[in-house]
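Visitor: got a structure for you, letters missing:
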């Protein structure tokens, strides 16, 4: 039941974000749209931004750290662009509200650990400092391209960009080796 309620809250959040900017969405809006009471919302989430974080964590949870780095990031980009294509207005409102740095902050939690682990596995001789720097570099590049893709409103081919991200990530990995 808990998982279903969280999913319903997230779905209501995305539904509302399709209609208005993030800063105009209230907890009352979500509970009314979702058909739950405020206590139920607060049982699952601290505030609206915790719901946004859950949306981002759900996205990065789709990362497959068993894949090579480039494939993992290319696949993640494809997953995120497909998800954003389902909720284009919501993603545009969220991107406009939090910008690239906000997006990075929300995605960093899941993104950084997965990327760092893959880099550590595939470039075992690289120093910890270089691995961490490469992780942050890749996050900035990845999120910058993702936000650019959202802002372009479908004018950039997401699959082609995912392929380029894959190649660039593999280049970073080769440089670390």
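Guide: That came through fine. Model, not experiment: these values are computed from the prediction.

Visitor: remind me, longest helix of this structure?
Guide: helix 88-122 (DSSP state H).

Visitor: Against which helices or strands is it packed?
Guide: Contact partners of helix 88-122 among helices and strands, from 3 or more CB pairs under 8 Å, 6 or more residues apart in numbering; DSSP states H and E: helix 2-17, helix 48-60, helix 69-86, helix 128-151, helix 158-176. (Glycine included, C-beta is placed from N, CA and C.)

Visitor: among those, which is nearest residue 38?
Guide: Residue 38 lies closest to helix 2-17 among the helices and strands packed on helix 88-122, at 11.5 Å (CB to CB).

Visitor: Helix, strand, or coil at the spatially most distant residue from the centre of the chain?
Guide: Largest separation from the mean C-alpha position in the chain: residue 125, at 29.2 Å (CA atoms, centre = their mean). Look at residue 125: counting by DSSP: H, G, I helix; E, B strand; the rest coil, its state is coil.

Visitor: How about the contacts made by it?
Guide: Taking CB atoms under 8 Å, 6 or more residues apart in numbering, we find residue 125 in contact with residue 177.

Visitor: for it, phi and psi?
Guide: Torsion angles at residue 125 (phi, psi; degrees, to the nearest 10) stand at phi -90, psi -10.
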